[in-house]
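A.B. asks: Next comes the sequence, and after it the predicted model I'd like to discuss.
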Amino acid sequence: MTPSTLDHATLAGCGHEPIHIPGAIQPHGVLFVFTEPDLVCVQVSNNVDKVCSLPLDQVLNKPLSEFLAPDQASKIEAALATDNPALESPLPLFLAGKNFDCLLHRHDGMLIAELEVVIPVPFVRHHRQLQQALSEIRSTATLEDLYGLMARFVAELTGYERVMVYRFDTDWHGEVVGECLLEPVESYMGHHFPASDIPPQARELYARNWLRIIPDATYKPAALEPSVNPKTQRPLDLSFSVLRSVSPVHLEYLKNMNVGASMSISLMVEGRLWGLIACHHRQALPLPFSVRSACEIFGQVSSLEIAYKQESLRHAEYAQATRIQTRFFDVIAQEQNFVEALIKYTPELLQFMRASGAAICVNDQIHLLGETPAENQVKDLLEWLNKQPVNPLYVTNALGKEFKPAIAYKDQGSGLLALKLSRVEQHYILWFRPEVITTITWAGDPDKPSEPGAILHPRKSFSTWKQTVTGHSLPWTEAERQGGHELVAALNALVLRRTERLIKINADLEQKNTDLNSFAYIASHDLKEPLRGITHYSRFILEDHQAILPEEAIKKLQTIGSLSQHSSELLDALSHFSKIGRMDLNRKEVSLDDVLDRALSLLQVAMQESRVEIRRPQSLPTMEVDPVLIREALLNLIANSIRYNTSDEKWVEIGLTDDPVDGDGPAFYVKDNGIGIHQKHHHNIFKIFRRLHAHGEYGTGTGAGLAITRSIIERHDGRIWLVSQPGAGTTFYFTLPS
């Protein structure tokens, strides 16, 4: 396939052009294709007669030994006896009165031999230059110094008028970061070139080959004969050929730049095409193989030095970030609540990511710190983030391009680093960076549309074109991204340590509660016997000696009996309270209406005496509970509602609500129109033996009923609370999780 056969249907665009199978070579050399082991030439470039004085019919389909002198053929045969003949290149051959460099390589099942006429040059000169340059590049202080030295060395070694160090960005756009001009030609230093200038398949070939040269950009290709390899039945793959003809589009591109000769040295960093050392000359400029070899070695060493310096910069960034992060971790480790710690140490939190603002979004609450979007804007952003792959980071320096509403707050949030704190809950820390407007200098308008009908023609203009970039923040560094991962790990470790501490504290409390319950039971049991003795003896004294005792002594004995009786009742209540804390629940599936009926039947006398109305607005559900204990809880609550009520028309309502005043789900309630309870006593009334009124006022009681009720509800994994004001009645709510 020759360039003339590449029609528009085949080449729908530069990005699809099959440049590895051009079917032709550059005419400053000759290419032979041999089969092995017979070394029969099955393809050859059609300039073989012109360059080597070998008629085509004396070469094609002939063994190597028939058209090369025996001593010359033996050199190739000896190289083929090694594992990799490419390492033996170049072989010196003498043919038709000319000295040739012969380059060998195997590819696509074929042996490919390329012959170039030797260009004499003193090897010592550029060899010493290379030694000196390799020494100098290690002493450069910065990447910018390194780029300048690289361009200068290649220019001085080769004589190219313009040598540029060309770096690719993540989108494959190129930027000239180093340059050396030997003649007054146009400078492209600092200019950017669109990714379309070097399409993907060209970048792939640059990644495969360290060096690519075009000695004369005005050449006429020498086609291969035949165009299709007779052994493989397909065009020959010339990916590793030095002489491979380049795309006609690229030749036109060079012509538009007024370039007569070019060379590109690939720069590979961490296995990826980092950039090129691009060389331009206005006239044709052939280079001897030895100079090209020196350039190739220089490109390899330069690649290693770029990688080393970039890694050193990364280490420096990591070291600086680690110092900041370590200080930050130290301060938050001292706090009990990590959210409060993050808010408390706002300057450190912002410095942690070199951000101007942050938002802490935990438990449906948003805390804004520094310069941030408004709270409603952050809420919308969170809804969008919940649909994105955040694992655990989402990072962008152009948020408005990815989330259009963010354009409205580009001054605060053009850049976003979102850190998800939990795999389950939607907890985030968001860091924001403001917009930084920059100007990019392009070598020609990168967005200018192609001319109609010219889909295979490159752009013609390389004049300076400036583009203002908006909606972008400073980029987030790899060290900052890593800091986000480490912060999640640190917070998780902090929460884990505190969880372990709480587990231990809870275990200790549980043991102490068990011990207290046991103590209360034993104490109440052991103390009841002497109290019974005191009661009996005070009664015996009154019965036997009342006639001779003074009235004051009799009153004191009666008081002793009353106090001992009350103490016995308190001990009974304490014993019952401790028993509930220790006993196992006997859960059964029962109708709570039946449980309530039984409780009300036990209160029948009290209800009749107080003439209270019992209201039951709806049926209660069937649940799996301990019916005896739940009946006791209802009994205590209803009895209190009856006792502490001075209304003329008393009523007590028992029901179930889906919207309690203070709850997080359906709750049962016992409501009355009694005397009410002041807000300051709402917590104390659940403490055992805590009465708000004098003994005997509103009837007798031990003050243990509500404490026992709370214990019963909590044993069922529920909770109890009240809503009340003096004179406005009281409503007790409690939950019974199913």
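C.D. replies: Yep, that arrived.
A.B. asks: Can you spell out the domain ranges of this protein, please?
C.D. replies: 3-17+120-310, 24-117, 335-475, 477-583, 584-734 (automatic domain parsing).
A.B. asks: for those, which one sits closest to A316?
C.D. replies: Of all those, domain 477-583 sits nearest to A316, with 9.1 Å by C-beta to C-beta. All C-beta spots, glycine's among them, are computed from the backbone N, C-alpha and C.
A.B. asks: low pLDDT regions in the stretch 551-700 of the chain?
C.D. replies: For the stretch 551-700 of the chain, the stretches flagged by pLDDT under 70 are 559, 561-585, 659-665, 680-684, 686-700.
A.B. asks: That one: helices as residue ranges?
C.D. replies: Per DSSP state H, counting those that start in this stretch, the stretch 551-700 of the chain carries helices over the ranges 551-582, 592-602, 604-610, 627-643.
A.B. asks: Only C-alpha atoms, please: export whatever helix or strand W721 lives in in CSV.
C.D. replies: In this assignment (DSSP states H and E), W721 forms part of strand 720-724. Below are the C-alpha coordinates for strand 720-724, written out as CSV (Å, rounded to 0.1, in the frame of the first residue of the first chain):
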residue,chain,number,x,y,z
ILE,A,720,-39.5,6.6,78.0
TRP,A,721,-39.9,10.4,78.3
LEU,A,722,-42.6,12.9,79.2
VAL,A,723,-44.1,16.2,78.1
SER,A,724,-45.6,18.3,80.9
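A.B. asks: Name the next helix or strand downstream of it, please.
C.D. replies: strand 730-734.
A.B. asks: how far off helix 627-643 does that following strand point, in degrees?
C.D. replies: 170 degrees (axes from the mean of the first three to the mean of the last three C-alpha atoms, to 10 degrees).
A.B. asks: Could you please name the strands strand 730-734 pairs with and the direction of each pair?
C.D. replies: In the sheet, strand 730-734 lines up against strand 667-672 (antiparallel), strand 720-724 (antiparallel) (DSSP bridges).
A.B. asks: quick one: I642 from N363, how far?
C.D. replies: Here I642 is placed at a distance of 41 Å from N363 (C-beta to C-beta, to the nearest Å).
A.B. asks: of these two, who's got more company?
C.D. replies: A count of neighbours by other C-beta atoms under 10 Å puts I642 above the other of I642 and N363, at 19 against 8.
A.B. asks: and the strand or helix carrying Y308, average pLDDT?
C.D. replies: Assigned by DSSP H and E, Y308 belongs to helix 289-332. Mean pLDDT, computed over helix 289-332, is 82.
A.B. asks: Ok, stretch 46-65 next?
C.D. replies: Here stretch 46-65 scores 93 as its mean pLDDT.
A.B. asks: Now the terminal residues of that stretch, how far apart.
C.D. replies: 20 Å (C-alpha to C-alpha, to the nearest Å).
A.B. asks: list the buried ones in that stretch?
C.D. replies: Using 16 or more other C-beta atoms under 10 Å as the test for burial, stretch 46-65 gives 46-49, 51-52, 54, 59-60, 62, 64.
A.B. asks: Which ones among those residues map onto strands?
C.D. replies: Applying DSSP state E to the buried residues of stretch 46-65, no entry is found in strands.
A.B. asks: now, which of these sits nearest I137?
C.D. replies: For the buried residues of stretch 46-65, the nearest to I137 is V51 (37.7 Å; C-beta to C-beta).
A.B. asks: Can you list phi and psi of the most centrally placed residue in the chain for me?
C.D. replies: What sits nearest the mean C-alpha location of the chain, by C-alpha atoms, centre = their mean, is L393, with 2.1 Å. With angles defined as degrees, to the nearest 10, L393 sits at phi -110, psi 150.
A.B. asks: That one and L419: what is the separation?
C.D. replies: 6 Å.
A.B. asks: next one: L399
C.D. replies: Here L399 is placed at a distance of 15 Å from L419 (C-beta to C-beta).
A.B. asks: which one of those two has more residues nearby?
C.D. replies: L399 (28 against 23).
A.B. asks: Do I have it right that the more buried one meets L416?
C.D. replies: Yes - contact criterion C-beta atoms under 8 Å: L399 and L416 qualify, at 4.7 Å.
A.B. asks: Next, show the common contact partners of these two.
C.D. replies: A406 (C-beta atoms under 8 Å, 6 or more residues apart in numbering).
A.B. asks: which ones are touching S65?
C.D. replies: 39, 73.
A.B. asks: one more time with 10 Å
C.D. replies: 38-39, 72-74, 76-77 (C-beta atoms under 10 Å, 6 or more residues apart in numbering).
A.B. asks: Mind giving me the ChimeraX command for buried ones among those?
C.D. replies: Burial among the contacts of S65 is assessed by 16+ other C-beta under 10 Å; the matching ChimeraX selection reads:
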select :39,72,73,76
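A.B. asks: Widest-spaced pair of the contacts of S65?
C.D. replies: Largest separation among those by C-beta to C-beta: D38 and Q72, giving 17.6 Å.
A.B. asks: thinking again about what came up before, and among the strands paired with strand 730-734, the most buried is which?
C.D. replies: Across the strands paired with strand 730-734, averaging neighbours per residue (mean count of other C-beta atoms under 10 Å) puts strand 667-672 on top, at a mean of 24.
A.B. asks: Past that strand, which element shows up next along the chain?
C.D. replies: helix 705-715.
A.B. asks: Who are the packing partners of that following helix?
C.D. replies: Judged by 3 or more C-beta pairs under 10 Å, 6 or more residues apart in numbering; DSSP states H and E, helix 705-715 is in contact with helix 551-582, helix 627-643, strand 720-724, strand 730-734.
A.B. asks: hmm, back to that, which neighbours do L393 and L419 share?
C.D. replies: With C-beta under 10 Å, 6+ apart, L393 and L419 have common neighbours 481, 484-485, 488.
A.B. asks: So among those, which ones count as buried?
C.D. replies: 481, 484, 488.
A.B. asks: so how far is I306 from the first one?
C.D. replies: Read it as R481. Distance from R481 to I306, by C-beta to C-beta: 22 Å.
A.B. asks: Before we go further, I407 is sitting in a strand, right?
C.D. replies: No - remark: I407 does not belong to a strand; assigned using DSSP: H, G, I helix; E, B strand; the rest coil, it is helix.
A.B. asks: Tell me how far the residue nearest to it when sequence neighbours are not counted lies from G178.
C.D. replies: Counting by C-beta to C-beta, 6 or more residues apart in numbering, I407 lies nearest to G400, which is 4.0 Å off, once chain neighbours are set aside. Applying C-beta to C-beta, the value for G400 to G178 is 33 Å.
A.B. asks: Tell me which residues of the helix or strand where F32 lies come out buried.
C.D. replies: Applying DSSP H and E as the criterion places F32 in strand 29-34. Buried residues in strand 29-34, counted by 16+ other C-beta under 10 Å: 29-34.
A.B. asks: Quick check: the farthest pair among the shared contacts of L393 and L419?
C.D. replies: R481 and V488 (11.7 Å).
A.B. asks: which residues do the two both contact?
C.D. replies: By C-beta under 10 Å, 6+ apart, the residues touching both R481 and V488 are 393, 419.
A.B. asks: now the end-to-end length of stretch 378-394.
C.D. replies: End-to-end span of stretch 378-394 (C-alpha to C-alpha): 15 Å.
A.B. asks: ok, and what's touching it?
C.D. replies: 359, 361, 364, 366-368, 372-374, 399, 402-406, 409, 413, 416-423, 426, 428, 430, 432, 476, 480-482, 484-485, 487-489.
A.B. asks: Generate a ChimeraX selection restricted to the buried entries among the residues you listed.
C.D. replies: A single ChimeraX command selects the buried members of the contacts of stretch 378-394 (16+ other C-beta under 10 Å):
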select :359,361,366,367,368,372,373,399,403,406,409,413,416,417,418,419,420,421,426,428,430,432,476,480,481,482,484,487,488
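A.B. asks: Which ones among the contacts of stretch 378-394 map onto strands?
C.D. replies: Among the contacts of stretch 378-394, DSSP E puts 359, 361, 366-368, 416-420, 428, 430, 432 in strands.
A.B. asks: where does the residue nearest to the centre of the chain sit relative to G471, distance-wise?
C.D. replies: If you go by C-beta to C-beta, the gap between L393 and G471 works out to 21 Å.
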